[in-house]
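Participant: Return a 3D structure for these sequence lines:
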Amino acid sequence: MLDVYCEYGLLSLNLPSLVTLNGSGNFRGLKELNMKSLVSSGGSINVDESSLEYLDLMNLANVNGWFSVYGNHKLASINLKNLAKVEALYIYSNRALEFGHFELPSLEIVEGDFYISGEIRSLKLPKIKKIDGDFGIESHVFFNCTGLVDIAKKLGKDPGCKQNHVPEPYR
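Facilitator: Residues are numbered from 1 along each chain as shown. Modelled structure (predicted):
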């Protein structure tokens, strides 16, 4: 297990050669997190209450636990392009994060819940085969929920899609 906590968000953690995290990783209050070579985690990965502006885990493929990113108010982008399997995925309360058209191109299996909240206009999960828990998207901007219907039908789920704010032209 790797627990890194910094109360004032001033710590930079550089582990660019780390390929496997044998247990869980809990990262709180970081200014920077560099684990660009990380491929797998034997436990959960939690990134919260940090001043990170971006989270690039482009090589991360498997998380044998939860993957959660929340309360990172400066976080503007997340790269999880190779994430294929995770126990549960939670991305929420990241004020600066504007997904726009968010895609998890390699995600196939979520053993538990899948929940994303933020400024999402569309979501693509082209390889998804299984989400065993709840499936929820909450968008704070106009989001066309019909794009999730095919995914939900494929998985036998309710898309759990909410729109909190619908701009005038779309009403």
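Participant: Which helix or strand contains residue 148?
Facilitator: Per DSSP states H and E: residue 148 is located in helix 146-155.
Participant: Only the C-alpha atoms, please, for that helix, written as CSV.
Facilitator: These are the backbone C-alpha positions of helix 146-155, laid out as CSV (Å, rounded to 0.1, in the frame of the first residue of the first chain):
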residue,chain,number,x,y,z
THR,A,146,-29.8,8.8,-25.8
GLY,A,147,-26.2,8.0,-26.6
LEU,A,148,-26.1,5.8,-23.4
VAL,A,149,-29.2,3.8,-24.3
ASP,A,150,-27.3,1.4,-26.5
ILE,A,151,-24.6,0.9,-23.8
ALA,A,152,-27.3,0.4,-21.2
LYS,A,153,-29.3,-2.1,-23.3
LYS,A,154,-26.1,-4.0,-24.0
LEU,A,155,-25.5,-4.3,-20.3
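Participant: Mind listing what's buried along it?
Facilitator: 147-148, 151-152, 155 (16 or more other CB atoms under 10 Å). All C-beta atoms are positioned from the backbone trio N, CA, C, and that covers glycine.
Participant: Check what contacts it and list those residues.
Facilitator: 122-125, 128, 130-131, 135, 137, 157-159, 161 (CB atoms under 8 Å, 6 or more residues apart in numbering).
Participant: and the end-to-end length of stretch 105-114?
Facilitator: Length of stretch 105-114, first residue to last, CA to CA, to the nearest Å: 15 Å.
Participant: ok, the spatially most central residue of the chain to residue 22 distance?
Facilitator: Of all residues in the chain, the one closest to the mean position by CA atoms, centre = their mean is residue 91, 4.4 Å from it. Between residue 91 and residue 22 the distance is 24 Å, computed by CB to CB, to the nearest Å.
Participant: and if you look at residue 158?
Facilitator: 36 Å.
Participant: what about the protein, any weak spots by pLDDT?
Facilitator: Counting by pLDDT under 70, the chain has low-confidence residues at 144-147, 149, 159-171.
Participant: can you rerun that using 50?
Facilitator: 165-171 (pLDDT under 50).
Participant: quick one on the thing from earlier: same list (the contacts of helix 146-155) but as a markdown table, adding secondary structure and distance to residue 29.
Facilitator: Formatted as a markdown table, the contacts of helix 146-155 follow (DSSP: H, G, I helix; E, B strand; the rest coil; distance: CB to CB, whole Å):
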| residue | secondary structure | distance to residue 29 |
| --- | --- | --- |
| 122 | strand | 32 |
| 123 | strand | 29 |
| 124 | strand | 32 |
| 125 | coil | 31 |
| 128 | coil | 33 |
| 130 | strand | 34 |
| 131 | strand | 31 |
| 135 | strand | 31 |
| 137 | strand | 28 |
| 157 | coil | 35 |
| 158 | coil | 36 |
| 159 | coil | 34 |
| 161 | strand | 32 |
